[in-house]
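Trainee: Starting from these lines, generate the structure:
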Amino acid sequence: MDLFGFVKDVGSRLFRTDSEAADRIKEHILANNPGVEDLEVTFDRGVVGLKGRCTRPDAWQKCVLMAGNVEG
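Mentor: Just a heads-up that it's a prediction; the model follows:
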């Protein structure tokens, strides 16, 4: 299992196709801005990559949890 492993079929359904996944996940995180700037999100075969600058110590944890709580 990965460092942060999540079940794929639980959580909010934000996207229907993999091609729109990164944009939808980024919108979801930024709408509930946990303290991250210059956020970049990638999505490849069910794996989400996050890159950005955190403005608060707990921001990266919130981003990981928000991305992990998405179905797919």
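Trainee: Neighbouring strands of whichever helix or strand residue 42 is part of in the sheet, and parallel or not?
Mentor: Taking DSSP states H and E as the criterion, residue 42 maps to strand 36-44. Under the criterion DSSP bridges, strand 36-44 sits next to strand 47-54 (antiparallel) in its sheet.
Trainee: Let's see the helix or strand bottoming out on mean pLDDT in the chain as PDB, backbone CA atoms only.
Mentor: Lowest by mean pLDDT, DSSP states H and E among the helices and strands of the chain is helix 18-31, with a mean of 82. Extracted as PDB, the C-alpha positions of helix 18-31 are listed here (Å, rounded to 0.1, in the frame of the first residue of the first chain):
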ATOM      1  CA  ASP A  18     -10.100  10.600 -16.000                       C
ATOM      2  CA  SER A  19      -9.400  13.500 -18.300                       C
ATOM      3  CA  GLU A  20     -11.400  15.900 -16.100                       C
ATOM      4  CA  ALA A  21     -10.200  14.500 -12.800                       C
ATOM      5  CA  ALA A  22      -7.200  16.700 -12.100                       C
ATOM      6  CA  ASP A  23      -9.200  19.900 -12.800                       C
ATOM      7  CA  ARG A  24     -12.200  18.800 -10.600                       C
ATOM      8  CA  ILE A  25     -10.000  17.800  -7.700                       C
ATOM      9  CA  LYS A  26      -8.100  21.100  -7.900                       C
ATOM     10  CA  GLU A  27     -11.400  23.000  -7.900                       C
ATOM     11  CA  HIS A  28     -12.600  21.000  -4.900                       C
ATOM     12  CA  ILE A  29      -9.500  21.700  -2.900                       C
ATOM     13  CA  LEU A  30      -9.300  25.400  -3.800                       C
ATOM     14  CA  ALA A  31     -13.100  25.900  -3.000                       C
END
